[in-house]
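A.B. asks: Please find the sequence and the predicted model below.
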Protein chains: 2
Amino acid sequence: MARWEPNARERLVRAAVDLFTEQGYDATTVTQIADRAGGLTKTTFFRHFPDKREVLFAGQDTHIGLLAGALATAPADATPLEAVGAALDALAGSFGDDRRELAARLKVLIAANAELRERAIFKHASLAAAVADGLRERGVPQPTATLAADVAMLAFDEAFARWAEPGDRRSLVEHARVALEELREAVRELR
Amino acid sequence: MARWEPNARERLVRAAVDLFTEQGYDATTVTQIADRAGGLTKTTFFRHFPDKREVLFAGQDTHIGLLAGALATAPADATPLEAVGAALDALAGSFGDDRRELAARLKVLIAANAELRERAIFKHASLAAAVADGLRERGVPQPTATLAADVAMLAFDEAFARWAEPGDRRSLVEHARVALEELREAVRELR
């Protein structure tokens, strides 16, 4: 990042969410986002994001890295769901409470727009694929690896929705642990 | 469908897969597809599909209807995974062996194009959501309903991949039953 544009990436994300909320996703241009982010330019925007949509999903590579890293370093004797628990701790731990309000607004924006919903589902699938890859690298066979990865992402999505509820006070890590335990119970009872 | 354009929909799908395979997805226009389908027009194309991409995912609503119908009519005492088995029988049973070769080519096309992969993932998620809805209407609680729906779609995707392999001779229904049984085993052993 250039020295004269401190936190440009973070400022662009917040400006985008503000403008999408105020005037709608379709009506907002990249130039408006850059301008709202404190007088940045379109060129700066495109140095950070390929297009308007991606500004809302910018964390994807970081999130995949957190999941993969935790799976690679979990104890060798951890079961698939224990390894998944470590991966969710790492991912959920990266969401500070200062991002909760932004997450809540993002959830509303995505729910209202078909293009964003489709992109969110693609992100969900990309994270699930990363978890399945990490489990297979631990020697977990198929289809257990994809099944455990799906369980992980069902738990994370549920935890995220609860964390983004207005007035909620638990951390995302706590929500993720509760949601994973609920899924583990459902797995035990599934017939 | 107008009387003077018999099987226009099916002809358009086959023409699209042919042209995408021969000259690439991006290079193919709607006018070319309509023309290849035996001298149809762009107007006819748009009477059947909203755009070039959707011609490859045209069965989605039918597939959702088959899953929902089977879940609604499965015996009241069927377990979630038994109901899921009935739903997969209904869906898989709609794929005759005359469509196997088309499915194999479709798989290659989708794997090669990011836009099509994203759309395929959205279809997968839409079918999973329909199964989860159908299970909840049967009184299956959360998160068991979404978990069982994910198991269903993992089984279907695996079955479809095996069925589309060159030289395979089993029906899609047989593949779906085998794949579901493998998933059921993985669920039992998941720790």
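C.D. replies: Ah, there it is.
A.B. asks: care to break chain A down by domain?
C.D. replies: Residue ranges for the structural domains of chain A, counted by automatic domain parsing, are given in the record as A:8-51, A:59-189.
A.B. asks: I'd like these as TSV, with distance to chain B and mean pLDDT appended.
C.D. replies: All C-beta spots, glycine's among them, are computed from the backbone N, C-alpha and C. Shown next, in TSV, are those (distance: least, Cβ to the nearest Cβ, whole Å; pLDDT from 0 to 100):
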stretch	distance to chain B	mean pLDDT
domain A:8-51	12	95
domain A:59-189	4	96
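A.B. asks: Dump the ones you listed to CSV, plus mean neighbour count.
C.D. replies: Formatted as CSV, the entries for the domains of chain A read as follows, by neighbours: other Cβ atoms under 10 Å in any protein chain shown:
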stretch, mean neighbour count
domain A:8-51, 17
domain A:59-189, 18
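A.B. asks: Adding distance to residue B:20, write those out as a markdown table.
C.D. replies: Rendered in a markdown table, the data for the domains of chain A read as follows (distance: least, Cβ to Cβ, whole Å):
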| stretch | distance to residue B:20 |
| --- | --- |
| domain A:8-51 | 24 |
| domain A:59-189 | 20 |
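A.B. asks: Compare the ones you listed and give me the one nearest residue B:181.
C.D. replies: With respect to residue B:181, and counting by Cβ to Cβ, the nearest of these is domain A:59-189 at 10.8 Å.
A.B. asks: can you tell me the distance between the two ends of that closest one?
C.D. replies: 35 Å (Cα to Cα, to the nearest Å).
A.B. asks: swap in stretch A:105-123?
C.D. replies: The separation between the terminal residues of stretch A:105-123, taken as Cα to Cα, is 18 Å.
A.B. asks: which residues touch it?
C.D. replies: Applying Cβ atoms under 8 Å, 6 or more residues apart in numbering or on different chains, the contact partners of stretch A:105-123 are A:17, A:20-21, A:25-26, A:53, A:56-57, A:60, A:161, A:164, B:118-119, B:121-122, B:125.
A.B. asks: In helices, which of the residues you listed appear?
C.D. replies: Judged by DSSP state H, the subset of these located in helices is A:17, A:20-21, A:60, A:161, B:118-119, B:121-122, B:125.
A.B. asks: I'd like to know which of those is nearest to residue B:170.
C.D. replies: Lowest distance from residue B:170 to the ones in helices among the contacts of stretch A:105-123 (Cβ to Cβ) belongs to residue B:121, with 25.6 Å.
A.B. asks: List the residues that contact residue A:127.
C.D. replies: Residue A:127 makes contact with A:60, A:63-64, A:67, A:91, A:153, A:156 under the criterion Cβ under 8 Å, 6+ apart.
A.B. asks: so which helix or strand takes in it?
C.D. replies: Using DSSP states H and E, residue A:127 sits in helix A:114-137.
A.B. asks: for that helix, the distance to its chain's centre please.
C.D. replies: For helix A:114-137, the distance from its own C-alpha centre to the chain's C-alpha centre is 10 Å (Cα atoms, centre = their mean, to the nearest Å).
A.B. asks: How about stretch A:87-103?
C.D. replies: The mean C-alpha position of stretch A:87-103 is separated from the chain mean by 8 Å, Cα atoms, centre = their mean.
A.B. asks: do the same with stretch A:178-191
C.D. replies: Shown here is stretch A:178-191, whose average C-alpha point lies 22 Å from the average C-alpha point of the whole chain (Cα atoms, centre = their mean).
A.B. asks: can you tell me which residues contact the closest residue to residue A:62 other than its chain neighbours?
C.D. replies: With Cβ to Cβ, 6 or more residues apart in numbering or on different chains as the measure, residue A:94 is the residue that lies nearest to residue A:62, at 7.3 Å, once sequence neighbours are left out. With contacts defined as Cβ under 8 Å, 6+ apart, the neighbours of residue A:94 are A:62-63, A:66.
A.B. asks: Take the residues you listed and keep only those in helices.
C.D. replies: A:62-63, A:66.
A.B. asks: Quick one: these as TSV, columns for distance to residue B:40 too.
C.D. replies: Shown next, in TSV, are the ones in helices among the contacts of residue A:94 (distance: Cβ to Cβ, whole Å):
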residue	distance to residue B:40
A:62	48
A:63	45
A:66	50
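A.B. asks: all strands of chain A, in order?
C.D. replies: Assigned by DSSP state E, chain A shows no strands.
A.B. asks: Next one: residue A:49 from residue A:98, what distance?
C.D. replies: When Cβ to Cβ, to the nearest Å is applied, the distance between residue A:49 and residue A:98 equals 21 Å.
A.B. asks: That should have said residue A:146, apologies.
C.D. replies: If you go by Cβ to Cβ, the gap between residue A:146 and residue A:98 works out to 34 Å.
A.B. asks: Same check on residue A:176?
C.D. replies: 18 Å.
A.B. asks: what's the answer for residue A:43, then?
C.D. replies: Computed with Cβ to Cβ, the distance linking residue A:43 and residue A:98 is 29 Å.
A.B. asks: and what of residue A:76?
C.D. replies: 36 Å.
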